[in-house]
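Chemist: Next one to model:
(chains A and B)
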Amino acid sequence: MITLPVIDWTIVAQLLVVFGGATVLLLLDLAIPAGRKQVTAYLALLVVLGAAAVGVMHAGVSGATFGGTLRLDPFRTAVGLVCLAAAALSILLAVTFLGRHQIERGEFAVLVLFGVGGMLLLVQAADLVVMFLSLALLSITLYVLAGFALPEPRSEEAALKYLLTGAFATGFLVFGIALIYGATGSTTLATIAAAGPGLTGEYRLYAAAGLLLLVVGLGYKASLVPFHMWTPDVYDGAPTPVAAFMSVASKAAVLAALTHVLLVGFGELRALWAPILAVVAAATLLVGNIGALVQQNVKRMLAYSSIGQAGFLLFGPIAASDRGIDALVFYLAGYTAANLAAFAVLIALEARGETEWSMARLSGLWQRSPGLTLALALALLSLAGVPPTAGFIAKFAMLDAVWQAGYPALVVLGVVTSAIAAAYYLRVLLRAAGPAETDAPPMFGDWPLRLGMALAALAIVVLGLAPGWLLSFS
Amino acid sequence: MNQIGFPLVSLAIALPALGALLVWLTPASQTRVARGFAMLSALGALATAVALVARFDASQAGYQLVDSVAWVAAWGLSYTVSVDGISLWLVVLTTLLTPVSLMASWNAGGAHPRLQQALLLLLAGAMTGVFVAQDMLLFYVFFELTLVPTALLIGIWGGDDRRRAAQTFLVYTFAGSVVMLVGIVGLYQAHGVQTGIYTFDLATVLASLQLGAVQLPLETERMLFAAFLIAFAVKLPLWPFHSWLTTAHTAAPSSGVVDIAGMVIKIGAYGLIRFNVQLFPQAAAWAAPAIGVLAVIGVLYGGWIAFGQRDMKRILAFATVSHLGLIVLGIFALNPQGLSGALLQMISSGITTGALFLIVGMLAARRDSRDVQHFGGIWGQAPFLGSIALVMVLASIGLPGLSGFIGEFTIMLGAWISPVLGWTYVSIAVIGVVLAAAYLLRMFRLVFMGPPREAGAPLRDANTLESLMLGVLLVPTLVIGLYPNALLLMMEPSVQQIAQQIGQTLASR
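Modeler: Residues are numbered from 1 along each chain as shown, chains lettered A, B, ... in the order given. Below is the predicted model:
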């Protein structure tokens, strides 16, 4: 007879809320008449807030369950909350956008719920198989979401590209897990770590090769260079709220998983992976920021900028210290707020049938809407790392952590690419402050969008001025 | 809280920021109310600065009137502001120029007056913050905070080339200043690793470096020195990093509001004294001859190019490059004479160049041109403007009895007797001083003297507001010129202390 392990419900409570809520909502949605699908979105928002409340209640909890395959600790809780906040804000940004673009369907909010559930599972996973499952879950929902603007060919193209590269990445993951299992006899990170020092000869080689394949697979999802090619096309083609959600939430979850794999599972092989990761971070910073510099399409610019930001995020695992982990959480929170605020401004200016998001459309913005310009300014200044925004503290925390870890070259590179980044972020800002160059595009200022934008902007300022509480939990 | 139990220094930062907020909140139709709020907060900041001078104990060298609150305790990051003999007069200069820049903004009129005043006030608050921050990261925060308002002021109200100029300004100065971040991280980590105390507090770091609690290897010290140097050299700008400054001055609004609010105050030179010279004396002495060469090139180059310009703002912009070379020469003389001369010159050149920028703005508004050849013989028509312009030109070229002379003279003296520079630097730099007389007097002659060149309506003399603006700047020009000790006395202990520490460090190794 099979004995089930004892389940610690506090650790899975958040997951239960999200997945239970999503399942119920999927059925409930059948009863909600078409044209009223905003109700589904608001119910989904309630589910996300409920999950976040559970997360806050369990803020100090540390433990494992399901035979050590799921874990909860303050780091996981914090990253989970970032994902939930991203989901909540994305739903707020999307509510009226979908109606305006005539793609309002109840499944949208449900898919976001399943997606964020997958992210929470990925963050909590302490086992490679669970990681694989949760990655598949979040990827499949994101494939559908990317193609959500169904008759729109660009959206279809985005979904297909994302699906194909995603499937490719999944292959790497499976091979990696298989090799690691072959070498260590386990897929649980703690067991892998324990087996590490005893590995000799070819077994050590298999484990190392498996790890690198895992990094490749996760690198696709986090759009690290050289696995970033899909990012600009997918962000450009996907509905803007979906691009916003993907650019922050899935990145946060994948980075957390990568950190767990590297630090928990393969901490012993740090001498192997840290230099490789440093090179990847350097390449990501350079390609992302130089790529963004030449874009004229704002959505593609934000896509490249998110690649550049991913390079900075890698500093967290490279530093492999408490400071690095603190910095990673703070960076994720600040980046999430700033990127969502930037996308919110785009959403507010995007009418149905727009194909190209040219930078000229932002020109003269502040004469028409000081509020939108303020939000855009805060977002871009934070992404560029200008004080007193969250982005500055985040960048500094990362630079500090990685210097402490003995990589001054990465500090210099981070600073140099920040200077490049400032050029393209502030160029947009100056354009918005300058005179109008095109016919004024229509503006949409419904309250959910405004609320989402205001919350994101507020987070940028609060995290920038009072960062202490989020910087010292580990 | 400090010894007088009142956050006086913080008030000097907070008042303009508060004023900016009030101006922003005032309805657009209430122009007078907005102006009132703006001017009140600026005058409040000036009054605070005067109170600082009154409260300042001139016999002490260290930081006084400290306000300190923990910001990120886990990092040892704090909001610490205070003044010493180095920063005191720079705060006064900043708060003095703010009301003048507001008046210039009223006088010039133009679109979106509320936003312009709010940005000017924000800039003033950030500038003051730069001079009083005694925490490295806080300094960086204020340093960066000055960029965005300046860029927006150029980008929104500037001339034809404004967007490109604003972008050049932002990218150039941001790229320069982020390099400082490397220096801050490096110094912070070195201090933390060696003493176990992670702190950004300048006084603590300085003490550790001087007492040998933190020993920087020669290479490291030079690298950190270089990181700070790049940031400040770009900001200054030291030749050959000057191109952003001349572009920015040229594209900035003709009225001179931005020039006087954001660019004539030399936070880069202050940074050199506060960080490069004070923290890394060994590296400073090592690099001084090379930096001295750049400074002398700047003096000559700026003067030479200024001589060939026709646009009056470009003349003044290149004159600034020339002045800055001299200031840097004074700083890297690394002795009390050089340092106090540089400080005095920073203040004097801020006032005189600022006044000249304003006069150019007034002339440009009257004739819609800044080309010297479109003017001529206007002294008779605008005698007040002409007289003030002459005083400022003479002060700028260092006529004894006016503010420029004593600064220039002490810098020359300091550089001459400096063990790291010497008389060769001075004898070449002095050519630049001659050049300055040539190009400024040439400008004055072409604009104000000779027969009137252009037919048409005679040029109007200064109105009340304009007279007031220039009058405010005339007073310190005369006071500093006639009684420089008023300033020097307060600087003396701090300057002596820095020079003494440099002397000890150099002698001990």
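
Chemist: the longest helix in chain A is where?
Modeler: Taking DSSP state H as the criterion, chain A has its longest helix at helix A:153-184.

Chemist: roughly how far out does that one sit from the chain middle?
Modeler: 17 Å (Cα atoms, centre = their mean, to the nearest Å).

Chemist: That one: what's the following helix or strand?
Modeler: As assigned by DSSP states H and E, the chain's next helix or strand after helix A:153-184 is helix A:189-195.

Chemist: Which neighbouring elements make contact with that next one?
Modeler: Under the contact definition 3 or more Cβ pairs under 8 Å, 6 or more residues apart in numbering or on different chains; DSSP states H and E, helix A:189-195 sits against helix A:153-184. In short, each C-beta sits where N, CA and C put it, glycine included.

Chemist: Point out where the chain drops to low pLDDT.
Modeler: No chain in the question, so chain A it is. A:1, A:353-355, A:473-474 (pLDDT under 70).

Chemist: my bad, chain B
Modeler: In chain B, residues with pLDDT under 70: B:1-5, B:454-457, B:509.

Chemist: List, one by one, the residues from it near chain A.
Modeler: B:70-75, B:137, B:140-141, B:144-145, B:147-148, B:151-152, B:155-156, B:162-163, B:166-167, B:170-171, B:174-175, B:178-179, B:181-182, B:185-186, B:188-189 (Cβ under 8 Å from any Cβ of the partner chain).

Chemist: what about 7 Å?
Modeler: Residues of chain B lying close to chain A (Cβ under 7 Å from any Cβ of the partner chain) are B:72-74, B:140-141, B:144-145, B:148, B:151-152, B:155-156, B:163, B:166-167, B:170-171, B:174-175, B:178-179, B:181-182, B:185-186, B:188-189.

Chemist: Counting neighbours, which of the residues you listed end up buried?
Modeler: B:72, B:74, B:140-141, B:144-145, B:148, B:151-152, B:155-156, B:163, B:166-167, B:170-171, B:174-175, B:178-179, B:181-182, B:185-186, B:188-189 (16 or more other Cβ atoms under 10 Å in any protein chain shown).

Chemist: got a list of what the residue of the stretch 101-250 of chain A found nearest chain B touches?
Modeler: Residue nearest to chain B within the stretch 101-250 of chain A (Cβ to the nearest Cβ): A:V225, separated by 21.5 Å. A:V225 makes contact with A:280, A:283-284, A:287-288, A:307, according to Cβ atoms under 7 Å, 6 or more residues apart in numbering or on different chains.

Chemist: how does it look with 8 Å?
Modeler: Listed by Cβ atoms under 8 Å, 6 or more residues apart in numbering or on different chains, the contact partners of A:V225 are A:280, A:283-284, A:286-288, A:307, A:311.

Chemist: out of the residues you listed, which are buried?
Modeler: Buried among the contacts of A:V225 by 16+ other Cβ under 10 Å: A:280, A:284, A:286-288, A:307, A:311.

Chemist: Mark which of the contacts of A:V225 are part of strands, please.
Modeler: With strands taken from DSSP state E, there is no overlap with the contacts of A:V225.

Chemist: Save the residues you listed as CSV, and put in distance to B:S255 too.
Modeler: Output for the contacts of A:V225, formatted as CSV (distance: Cβ to Cβ, whole Å):
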residue, distance to B:S255
A:V280, 51
A:A283, 47
A:T284, 45
A:L286, 42
A:V287, 44
A:G288, 41
A:I307, 43
A:G311, 43
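
Chemist: what would these look like in CSV with distance to chain B?
Modeler: As requested, the contacts of A:V225 are arranged in CSV below (distance: Cβ to the nearest Cβ, whole Å):
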residue, distance to chain B
A:V280, 21
A:A283, 20
A:T284, 18
A:L286, 15
A:V287, 19
A:G288, 17
A:I307, 19
A:G311, 15
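
Chemist: tell me which of these is nearest to B:L300?
Modeler: A:L286 (38.7 Å; Cβ to Cβ).

Chemist: Just confirm that closest one contacts A:A421, I think it does.
Modeler: No. Using Cβ atoms under 8 Å, A:L286 is not in contact with A:A421; the gap is 11.1 Å.

Chemist: in the stretch 151-300 of chain A, what residue is nearest chain B?
Modeler: Here the stretch 151-300 of chain A gets closest to chain B at one residue, A:L293, 10.5 Å apart by Cβ to the nearest Cβ.

Chemist: my guess is the residue of the stretch 101-250 of chain A closest to chain B is in a strand, correct?
Modeler: No. A:V225 is assigned coil when assessed by DSSP: H, G, I helix; E, B strand; the rest coil, not a strand.

Chemist: report the longest strand in chain B, please.
Modeler: Per DSSP E, chain B has its longest strand at strand B:64-72.

Chemist: which other residues reach that one?
Modeler: A:393, A:467-468, A:471-472, B:1-4, B:7-10, B:52, B:55-57, B:77-84, B:134-135, B:138.

Chemist: same check, this time on stretch B:226-235
Modeler: In this structure, residues lying in contact with stretch B:226-235 by Cβ under 8 Å, 6+ apart are B:143, B:172-173, B:175-180, B:182-183, B:186, B:241, B:244, B:267-269, B:271-272, B:275-276, B:279-280, B:287, B:291, B:294.

Chemist: What count of nearby residues applies to B:R366?
Modeler: 18 (other Cβ atoms under 10 Å in any protein chain shown).

Chemist: which SS state does the residue nearest to it when sequence neighbours are not counted fall under?
Modeler: Nearest residue to B:R366, sequence neighbours excluded (Cβ to Cβ, 6 or more residues apart in numbering or on different chains): B:L459, at 5.4 Å. Three-state assignment for B:L459 (three-state DSSP): coil.

Chemist: Next up, the contacts around the residue of the stretch 151-300 of chain A closest to chain B.
Modeler: A:420, A:423-424.

Chemist: quick one, phi/psi of it?
Modeler: phi -60, psi -30 (degrees, to the nearest 10).

Chemist: ok, back up a step: quickly run through the sheet partners of the longest strand of chain B, with directions.
Modeler: Note on strand B:64-72: by DSSP bridges, its sheet partners are strand B:77-83 (antiparallel).

Chemist: Could I have the CA atoms of the partner strand written out in PDB?
Modeler: The C-alpha trace of strand B:77-83 is given here as PDB (Å, rounded to 0.1, in the frame of the first residue of the first chain):
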ATOM      1  CA  LEU B  77      23.000  54.300   4.300                       C
ATOM      2  CA  SER B  78      21.700  57.400   5.900                       C
ATOM      3  CA  TYR B  79      20.300  60.800   5.100                       C
ATOM      4  CA  THR B  80      23.100  63.000   6.500                       C
ATOM      5  CA  VAL B  81      23.400  66.600   5.600                       C
ATOM      6  CA  SER B  82      25.600  69.400   7.000                       C
ATOM      7  CA  VAL B  83      27.800  72.200   6.000                       C
END
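
Chemist: pretty sure B:L18 contacts B:A38?
Modeler: No. B:L18 lies out of contact with B:A38 (Cβ under 8 Å); the separation is 10.8 Å.

Chemist: These two: who's more crowded?
Modeler: The residue with more neighbours, out of B:L18 and B:A38, is B:A38; 28 against 18, by other Cβ under 10 Å.

Chemist: wait, what's in contact with that one?
Modeler: Counted by Cβ under 8 Å, 6+ apart, B:A38 has contacts B:19, B:23, B:102, B:117-118, B:120-121.

Chemist: and of those, the nearest to chain A?
Modeler: Distances from chain A to the contacts of B:A38, taken by Cβ to the nearest Cβ, are shortest for B:A118, at 11.1 Å.

Chemist: give me every residue that touches the closest one.
Modeler: Contacts of B:A118 (Cβ under 8 Å, 6+ apart): B:20-21, B:23-24, B:38.

Chemist: same thing but at 6 Å, please
Modeler: Shown in contact with B:A118 (Cβ atoms under 6 Å, 6 or more residues apart in numbering or on different chains): B:20, B:23-24.

Chemist: Thanks a lot, see you next time.
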